[in-house]
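Undergrad: Can you look at this prediction? I've put the sequence above it.
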Protein chains: 2
Amino acid sequence: MARSNRQVKLLEIIKTHEVERQSDLVALLKEAGFDATQATISRDIKELGLIKTAMHNKKYRYIVVESKEGDVPSKLFELFKEAVKKVNVSLNIVVLNTIPGTANSAAALLDSLSISGILGTVAGDDTVIIVTESIEKAPLVAERMRSML
Amino acid sequence: MARSNRQVKLLEIIKTHEVERQSDLVALLKEAGFDATQATISRDIKELGLIKTAMHNKKYRYIVVESKEGDVPSKLFELFKEAVKKVNVSLNIVVLNTIPGTANSAAALLDSLSISGILGTVAGDDTVIIVTESIEKAPLVAERMRSML
DNA sequence: TATTATAGTGTATAAAAATTCACGATACGA
DNA sequence: TCGTATCGTGAATTTTTATACACTATAATA
């Protein structure tokens, strides 16, 4: 699925570049081998919940923000960050390795977020298994996890 | 200064309304007695660092986000929230009342944020005195403090 | 299989947001 | 008090972003 790959790349680009506008994104994605128009990028940005904001240098930049609106008490995020050590993908499964005993709370956060693409999660002691909708979605979900660390 | 008042009102509006676009803001501000054009609102939004983002209902909405980009370890924010009990203004001074012993860390956060309009801060045991640039700026700074709680 | 959804996209356009330019008000020095 | 600089603003415009519409491909259903 080209779409998921593009969106993963898009997140990556946004974190590593100072993207001022969508047309820049079109260009950067093209460099990376993804052909998409501004219209598509606009839709991706909406779906991924990305935002454009003024930086201190007075330039605009697209960025990723975690907790927006009433999303979730950010303490849970703190917890998540402390707990999760590694994020890996295998086929349609994302595996989180956590500090022993914290897998459950990490999973709890995931559940409360109702992240798109996730079918379900199971938490052991130091491992969370996340089942995603498809092989294509898995890297996107993983990227989302990493972006929370 | 009409500008500061407008911006304070603007923040207030944004937190209490689902503002989808700047022209809505123009209208709402007009109701509140502030006449400003879209151009001015656009500038205010840039200055205040507000953002437009897609909500879960797929509508766009302007919101305030605290920690953007590499802004500050969000733990400091947690601390700030726990510490600060009240925010008051008098002339060009904003006074924070905190839990005893925490005023210093609250002030530390403020310093690290380099918030515009603040000349300097002094922290006692349970009180932070914030000196702002002008009487007009003080309510804006206070609003910023409150928005972090 | 034929038929009907559904998702993803580009093109063209509408809509929204940012900025350029000009101007008025205020502050500051000479 | 001038002249000069700075700031905030609106009008008009440019730039950027979102979406309506049409089309294709793929999946789901009878």
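TA: Here it is on my side, so go on. Residues are numbered from 1 along each chain as shown, chains lettered A, B, ... in the order given.

Undergrad: does A:Ala123 have beta-bridge partners, and which?
TA: Beta-bridge partners for A:Ala123, by DSSP bridges, are A:Val128.

Undergrad: From the contact counts, what lies against the longest helix seen in chain A?
TA: In chain A, with assignment by DSSP state H, the single longest helix is helix A:2-16. Identification of packing neighbours for helix A:2-16 by 3 or more C-beta pairs under 8 Å, 6 or more residues apart in numbering or on different chains; DSSP states H and E yields helix A:22-31, helix A:38-48, helix A:137-147. Just so you know, the C-beta spots here come from the backbone N, C-alpha and C atoms, and that holds for glycine as well.

Undergrad: In chain A, where is pLDDT below threshold?
TA: A:1, A:57, A:66-79, A:100-102, A:105, A:108-109, A:111-114, A:119-120, A:125 (pLDDT under 70).

Undergrad: Try it again at 50.
TA: A:69-76 (pLDDT under 50).

Undergrad: Spell out which residues of it are next to DNA strand D.
TA: Contacts of chain A with DNA strand D, taken as C-beta under 7 Å from any atom of the strand, map to A:Glu20, A:Arg21, A:Gln22, A:Ser23, A:Gln38, A:Ala39, A:Ser42, A:Arg43, A:Ile45, A:Lys46, A:Lys52, A:Tyr60.

Undergrad: could you redo the last one with a cut-off of 10 Å?
TA: Contacts of chain A with DNA strand D, taken as C-beta under 10 Å from any atom of the strand, map to A:1, A:19-26, A:37-46, A:50-52, A:60-62.

Undergrad: Please convert the buried members of those residues into ChimeraX selection syntax.
TA: The buried residues among the residues of chain A next to DNA strand D can be selected in ChimeraX (16 or more other C-beta atoms under 10 Å in any protein chain shown) with this line:
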select /A:19,22,25,26,40,41,44,45,50,51,52,61,62
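
Undergrad: Mind listing residues that contact the longest helix of chain A?
TA: Helix A:2-16 has contacts (C-beta atoms under 8 Å, 6 or more residues apart in numbering or on different chains) with A:19, A:25, A:28-29, A:32, A:34, A:36, A:40-41, A:44-45, A:47-48, A:50, A:62-64, A:136-137, A:139-140, A:143, A:147.

Undergrad: show me which of the residues you listed neighbour DNA strand C.
TA: Applying C-beta under 10 Å from any atom of the strand to these, those adjacent to DNA strand C are A:Leu29, A:Phe34, A:Ala36, A:Thr40, A:Ile41, A:Asp44, A:Glu47, A:Glu136, A:Lys137.

Undergrad: so which of these comes closest to A:Ala103?
TA: A:Lys137 (21.4 Å; C-beta to C-beta).
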